[in-house]
Structures are given as structure tokens and as C-alpha cells.
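In: Sharing a sequence plus its predicted fold:
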Amino acid sequence: MAVAKITAKGQVTIPKAIRNGLKIDTGEKIEIILTKDREAIIRPVSKKVDDIFCKLHRPDTPPVSIETMKNAVKKKMRDKYK
């Protein structure tokens, strides 16, 4: 368990062990969610490009052009909001 102190300005320093566990660095954003039991859940919201690079790539899927992607999005939006 890690303990942190709230300053007069309402700031909290996240202990190093917690920052390391969440894999967050200076300047990165975190999300704080308050539960109905008055507990706070802290999780990182920023991802680096390197963290998500190639996550959507499927080797068996042929590449598509930007124009094809734009048209697909336009069609989906038209169909959804008729």
C-alpha cells in the first residue's frame, strides 16, 4: 500500500512504486474515477504511438486506400443518422 499527502493546493504526488506499476512518466495523463463507495480508481489514459503501433494490423487483410476508408466512414454515418 502506498500513501500520498494532499497539498494545500489539492495536489498529490503519486508514489514512485505506483507510477512504475502504472508505467506512467512525467507529463502523462491519468484518469481518476470515483466509485459510489468513495474509492478512487487511477489509470493511465495516454498511450504512446509505439504502444499501439500495429495493433490493428492483420497480415491476411489487404491494405485499403485512405479514400476507401473515408467513403466507408461516410456511408456508416449516413446509415446510422438517416
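Out: Good, I have the coordinates.
In: Show me which residues of the top helix by length along the chain are buried.
Out: Across the chain, the longest stretch assigned as helix under DSSP state H is helix 66-80. Judged by neighbour count (16 or more other C-beta atoms under 10 Å), helix 66-80 contains no buried residues. Every residue, glycine included, has its C-beta placed from N, CA and C.
In: which secondary element of this protein has the worst mean pLDDT?
Out: helix 49-52 (a mean of 69; mean pLDDT, DSSP states H and E).
In: Low-confidence bits of this structure, can you list those?
Out: 46-48, 50-52 (pLDDT under 70).
In: now the longest helix of the chain, how far from the centre of its chain.
Out: 25 Å (C-alpha atoms, centre = their mean, to the nearest Å).
In: before we move on, what about stretch 6-22?
Out: Per C-alpha atoms, centre = their mean, the centroid offset for stretch 6-22 relative to its chain is 19 Å.
In: how about that stretch: buried residues?
Out: For stretch 6-22, by 16+ other C-beta under 10 Å, it's Arg19.
In: Go ahead and name everything in contact with it.
Out: Ala2, Val3, Ala4, Lys5, Ile24, Asp25, Ile30, Ile42, Arg43, Pro44 (C-beta atoms under 8 Å, 6 or more residues apart in numbering).
In: mind running it again at 7 Å?
Out: Ala2, Ala4, Pro44 (C-beta atoms under 7 Å, 6 or more residues apart in numbering).
In: In space, what's closest to the first one - neighbours in sequence excluded?
Out: Counting by C-beta to C-beta, 6 or more residues apart in numbering, Ala2 lies nearest to Pro15, which is 4.1 Å off, once chain neighbours are set aside.
In: And that neighbour, its phi and psi?
Out: phi -60, psi 150 (degrees, to the nearest 10).
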